[in-house]
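Engineer: just the structure for this:
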Amino acid sequence: MSVSEGTLKALKQLGLTEYETQAYLALVAGGQMGASDVSTKSKVPYSRIYDVLGRLEDKQFIQVKKGRPTTYIAKAPTEVMRLVRLDWEERLKESSKVVVEELQPLFEKETKVTPRDVWVIHGRASILAKAMEMLDAAKEEVLLSLPSFDLSAEDVDTVVERVLQVKARVRILTSSITDTLKELIPEKFEVRTRSRVFGAGLVVDHRDTLIMLAGGEGSDEFLGIYSSHAIFAAMSSSYFESLWKDSTPL
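Structural biologist: As a prediction, this is how the structure comes out:
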């Protein structure tokens, strides 16, 4: 089975070895097969095929149908990706909890974090990670402004999904929102729209503020400004309120 270099690279990143990749692709293209046929079609040595198929089963890429002979069936790529994602998310959740519980107190002690810090954050991924951290810690109120509030925008969909889980009071200001997403928004949320919303901003619990600035048209650079200073939060909240008053309730 001939596939693109991009797909081969992606399967490797998902944890498959070269032999595992060849065997899985053979089953995707050939359907249900016995070990001997998988070996022939994938060119994986017969002396290694059972070990390779066993690992593919452990990694949830294939299923095994016991019988005489035993046959192997590839799981649908969509199912495989869901299983891999759930497994990674669970492992990431467990690892993150261990790391944060032990290292965060040490970090705060040694770096003497104060409520007057202002940080510059470089890169879209780092900015989004900070936004997630802020939303997870929200207890009282979240003020969020986004040019577009939807689940299709690259990376932003993750922030939107996290916002929908917030228990605190949430007010969202945006220029557009999809009909599908309207149905998902909790009744307690307040959403308003206006013709244009410039940039993205987040204020949590009247304390933490994050502003994301894009590099301009044609640029893929992003710069974030984060502050836990009360004055910075007050200024950002005041600007949000001024826009909020001139906006249309959803």
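Engineer: please make it C-alpha for all contacts and neighbour counts, starting now.
Structural biologist: Will do.
Engineer: okay, and the helix or strand of the chain with the least pLDDT?
Structural biologist: helix 156-163 (a mean of 69; mean pLDDT, DSSP states H and E).
Engineer: next SSE downstream of it?
Structural biologist: Past helix 156-163, further along toward the C-terminus, the next helix or strand under DSSP states H and E is strand 169-174.
Engineer: check which residues of that next one are buried.
Structural biologist: Applying a neighbour-count criterion of 16 or more other C-alpha atoms under 10 Å, the buried positions in strand 169-174 are 169, 170, 171, 172, 173, 174.
Engineer: paired strands for it, with orientation please.
Structural biologist: Each strand pairing with strand 169-174, determined using DSSP bridges, is listed with its direction: strand 141-146 (parallel), strand 190-193 (parallel).
Engineer: how about the longest helix anywhere in the chain: buried residues?
Structural biologist: Residue-count comparison of every helix in the chain, with assignments taken from DSSP state H, identifies helix 77-111 as the longest. Applying a neighbour-count criterion of 16+ other C-alpha under 10 Å, one finds 80, 84 buried in helix 77-111.
Engineer: other SSEs contacting whatever helix or strand comes next after that helix?
Structural biologist: Sequence-wise, the next helix or strand downstream of helix 77-111 (DSSP H and E) is strand 118-122. Secondary-structure packing of strand 118-122 (3 or more C-alpha pairs under 8 Å, 6 or more residues apart in numbering; DSSP states H and E): strand 222-227.
Engineer: chain center to the strand it packs on, what's the gap?
Structural biologist: Once both centres are worked out by C-alpha atoms, centre = their mean, to the nearest Å, strand 222-227 turns out to sit 19 Å from its chain's centre.
Engineer: so how far is the following helix or strand past it off the chain centroid?
Structural biologist: Along the chain past strand 222-227, the next helix or strand (assigned with DSSP H and E) turns out to be helix 230-245. For helix 230-245, the separation from the chain centroid amounts to 28 Å (computed by C-alpha atoms, centre = their mean).
Engineer: repeat that for stretch 52-65.
Structural biologist: 27 Å.
Engineer: measure residue 169 to residue 248 for me?
Structural biologist: The span separating residue 169 from residue 248 equals 19 Å under the rule C-alpha to C-alpha, to the nearest Å.
Engineer: low-confidence ranges, this structure, go.
Structural biologist: Low-confidence segments of the chain, defined by pLDDT under 70, span residues 1, 108, 110-116, 149-159, 214-220.
Engineer: burial of residue 180, as a residue count?
Structural biologist: Using other C-alpha atoms under 10 Å as the criterion, residue 180 is surrounded by 10 other residues.
Engineer: give the buried residues for the host helix or strand of it.
Structural biologist: Using DSSP H and E, residue 180 falls within helix 179-184. Residues of helix 179-184 classed as buried under the neighbour-count rule (16+ other C-alpha under 10 Å) do not occur.
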